[in-house]
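1. My questions concern the predicted model and sequence given below.
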Amino acid sequence: WMYVYVAVDVHTLDLLHIAIFPHLGKDSARTFLLELRAKGYHPRVIVTDMNQDYTEPLAQVFPNAMHHECVFHALQFWHRQFKDAFGHDYAQTHPDIFKLRQQMDHIFQAKTRRTVEKRYAELISQREKLVQAEPRLQPVFDSLARHYPNLVNAYDHPLIPLTNHATERLIRRFDQHYQNFAGFDSLETARCYLHLFELTYRFTPFGPEVQPHLRGKCPLELAGYDLSHMLLARYLRDGTPGLALSGRSAERAEVVPK
């Protein structure tokens, strides 16, 4: 197994960078972020899942960017912590613990930062008593306190989405392409395929899988680029190659099927 890293513009869904690495970890995350910066990107906000490999490299490569962690992934992570500590059927065997987990969920279901902070303060005020009664809650509360600053920052902030669903949507698209393959001969051939996927994705118009205001345009068009004179954009939009060949080259030309 190897690991594919992706960076997606949350507003246009454009694929800013995609790369594959033999190992998962801080070194790979740092290299990926340096490559992103080398392309000229200087984000104001970066949204990640709960992968802690990003935390230190982000502060080094993009020190002025605000780091936000996906609320959806955070809740999923805490749900797994509860199951690991109290069993998959803890809703029946430990109803008080299940009610506590619902209280945690309720914090991040609020619409405003003020409400989130109020609910969080109410729960944290019970922390010492709850952990004393049930020590297995200690890791959950430690995790909540550690990640809370990078979760609450999205509330009342128009630039920060609550989740990294834009990245997840692209990953689903990538999986649809990749499942037709049985792997690659080498790291180099895998990188060639990623480059081909990047081109195809960025030039292909969105369909009904996205919000209405994004449909009919490709990510590059949504990012503000004029693609009206680009043959690749024309081909991926309507299937016509739009190539003007002459002489002997035209006689041998073959159109690659869509």
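-> That came in fine, so what should we check first? Numbers count the residues shown, from 1 in each chain.
2. any chance you could map the helices in this protein?
-> 26-38, 55-61, 71-86, 90-93, 95-107, 113-124, 127-133, 138-147, 149-152, 165-178, 187-203, 219-222, 231-238, 247-252 (DSSP state H).
3. now those as JSON lines including distance to residue 46 and mean neighbour count?
-> Placement of C-beta: from N, CA and C, glycine included. Below are these laid out as JSON lines (distance: least, Cβ to Cβ, whole Å; neighbours: other Cβ atoms under 10 Å):
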{"stretch": "helix 26-38", "distance to residue 46": "9", "mean neighbour count": "17"}
{"stretch": "helix 55-61", "distance to residue 46": "6", "mean neighbour count": "15"}
{"stretch": "helix 71-86", "distance to residue 46": "14", "mean neighbour count": "17"}
{"stretch": "helix 90-93", "distance to residue 46": "34", "mean neighbour count": "13"}
{"stretch": "helix 95-107", "distance to residue 46": "23", "mean neighbour count": "15"}
{"stretch": "helix 113-124", "distance to residue 46": "19", "mean neighbour count": "15"}
{"stretch": "helix 127-133", "distance to residue 46": "29", "mean neighbour count": "13"}
{"stretch": "helix 138-147", "distance to residue 46": "15", "mean neighbour count": "16"}
{"stretch": "helix 149-152", "distance to residue 46": "10", "mean neighbour count": "18"}
{"stretch": "helix 165-178", "distance to residue 46": "11", "mean neighbour count": "15"}
{"stretch": "helix 187-203", "distance to residue 46": "20", "mean neighbour count": "15"}
{"stretch": "helix 219-222", "distance to residue 46": "18", "mean neighbour count": "20"}
{"stretch": "helix 231-238", "distance to residue 46": "28", "mean neighbour count": "16"}
{"stretch": "helix 247-252", "distance to residue 46": "46", "mean neighbour count": "8"}
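4. out of those, which comes closest to residue 19?
-> helix 26-38 (5.5 Å; Cβ to Cβ).
5. Just the C-alphas of the closest one, formatted as CSV.
-> What follows is helix 26-38, C-alpha atoms only, in CSV (Å, rounded to 0.1, in the frame of the first residue of the first chain):
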residue,chain,number,x,y,z
LYS,A,26,4.9,13.8,9.1
ASP,A,27,7.7,13.7,6.5
SER,A,28,5.2,12.9,3.7
ALA,A,29,2.8,15.5,4.9
ARG,A,30,5.6,18.1,5.1
THR,A,31,6.8,17.3,1.5
PHE,A,32,3.2,17.5,0.2
LEU,A,33,2.7,20.9,1.8
LEU,A,34,6.0,22.2,0.5
GLU,A,35,5.0,21.1,-3.0
LEU,A,36,1.7,22.9,-2.6
ARG,A,37,3.5,26.0,-1.5
ALA,A,38,5.9,25.7,-4.5
